[in-house]
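Trainee: coords please:
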Amino acid sequence: MKLANLAGRAALVVDDRTLDIATASDGRFGPDPMDCYEQWDDLVAWASTVPADADGFVALDEAALANPAPRPRQVFAIGLNYRKHAEESGMAIPSVPATFTKYPASLGGPHDDVPIVGDAVDWEVELVAVVGRAADRVAEADGWSHIAGLTVGQDISDRTLQFAAGMQFSLGKSRRGYGPMGPWLVTPDEVPDPDDLALGCSVDGETVQDDRTSDLIFGIPQLVAELSSVLPLLPGDVIFTGTPAGVGMARQPPRALAPGQVLETWIEGIGTIRNRCV
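Mentor: Next up is the predicted model:
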């Protein structure tokens with residue numbers, strides 16, 4: 001199943017068509033995409049009964065796509081979670097997830113502009129998981145069962161702010177628009193192998209990151225287990241799972257995003273987002 005946010009309304013995506021969920025379900029499910037995560041099991045069961053030729057399908061309007069999880073209560077992010085990225089950063093492989101938070105107000109949509117502040121704004125392609133069932137002290141073996149689906153994300157980072165005043169990871173990664181997500185949410189059963197997906201990003205057509213999620217140090221089930229051992233994960237919560245090697249900060253000489261550039265980000269089996277730097 002693919003769940004989209006179309007101009008603020010929850011919609012199913014089938015091929016190049018969309019179906020408004022609130023209208024098609026006769027109000028059983030509301031139009032707000034965040035409500036879908038509170039009723040996730042019921043929504044998935046209902047969606048499985050919707051025929052491909054059901055009345056109400058319309059052509060996909062890509063310009064109307066917005067963040068599929070626009071108002072999470074909690075946004076977790078994991079640093080140094082790819083082996084090669086830890087190596088390029090000159091850091092030891094962590095023994096526990098290096099966790100910080102992106103503030104929810106920083107999140108954006110798959111085609112939103114990214115405001116560039118300063119001369120050290122960096123790209124970070126990330127596989128993003130959204131919680132569909134509350135998770136509290138969950139075993140790693142049950143981790144996937146609490147995930148509604150996966151989407152494409154960018155953990156865009158203001159490196160100057162991030163490393164200022166004794167490290168300000170959360171602020172440095174939470175400027176307005178520094179967490180674009182989309183183009184939709186895909187349930188794990190819809191992707192080739194949720195533990196091994198190709199992902200990458202480009203700047204003005206030049207590929208700058210290109211890797212696979214099999215290089216993750218802590219996979220999604222382990223992240224669910226580790227995080228839920230500390231506090232409950234709630235429906236609609238967002239987990240940015242980490243970025244692979246190839247960030248601008250680690251290059252010689254370092255590189256950064258600049259106004260006018262286009263950042264394109266993709267993950268196998270999920271889709272592509274495109275964000276213009278302004």
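Trainee: Kindly provide the distance from residue 52 to residue 13.
Mentor: 12 Å (C-beta to C-beta, to the nearest Å). All C-beta spots, glycine's among them, are computed from the backbone N, C-alpha and C.
Trainee: So for the two, which residue has more residues nearby?
Mentor: Neighbours were counted for residue 52 and for residue 13 using other C-beta atoms under 10 Å; residue 13 has more, 22 against 9.
Trainee: So which residues of the stretch 1-150 of the chain form helices?
Mentor: 21-24, 33-38, 40-47, 83-88 (DSSP state H, counting those that start in this stretch).
Trainee: So for the first one, what gets flagged as buried?
Mentor: Under the neighbour-count criterion of 16 or more other C-beta atoms under 10 Å, helix 21-24 has 21-22, 24 buried.
Trainee: Residues in contact with that helix: which ones?
Mentor: The contact list for helix 21-24, computed with C-beta atoms under 8 Å, 6 or more residues apart in numbering, reads 9-12, 29-31, 36, 43, 50, 54, 56.
Trainee: quick one: residue 227 and residue 76 touch, right?
Mentor: Yes: using C-beta atoms under 8 Å, residue 227 is in contact with residue 76, at 5.9 Å.
Trainee: Can you name the residues that contact the nearest residue to residue 244 once chain neighbours are set aside?
Mentor: Nearest non-adjacent residue to residue 244, counting by C-beta to C-beta, 6 or more residues apart in numbering: residue 211, 3.5 Å away. Taking C-beta under 8 Å, 6+ apart, we find residue 211 in contact with 82, 84, 198-200, 244-246.
Trainee: and if we set it to 7 Å?
Mentor: Contacts here follow C-beta atoms under 7 Å, 6 or more residues apart in numbering; on that basis residue 211 touches 82, 84, 199-200, 244-245.
Trainee: Which helix or which strand is home to it?
Mentor: Assigned by DSSP states H and E, residue 211 belongs to strand 206-212.
Trainee: Check the model's average confidence along that strand for me.
Mentor: Computed over strand 206-212, the mean pLDDT rounds to 98.
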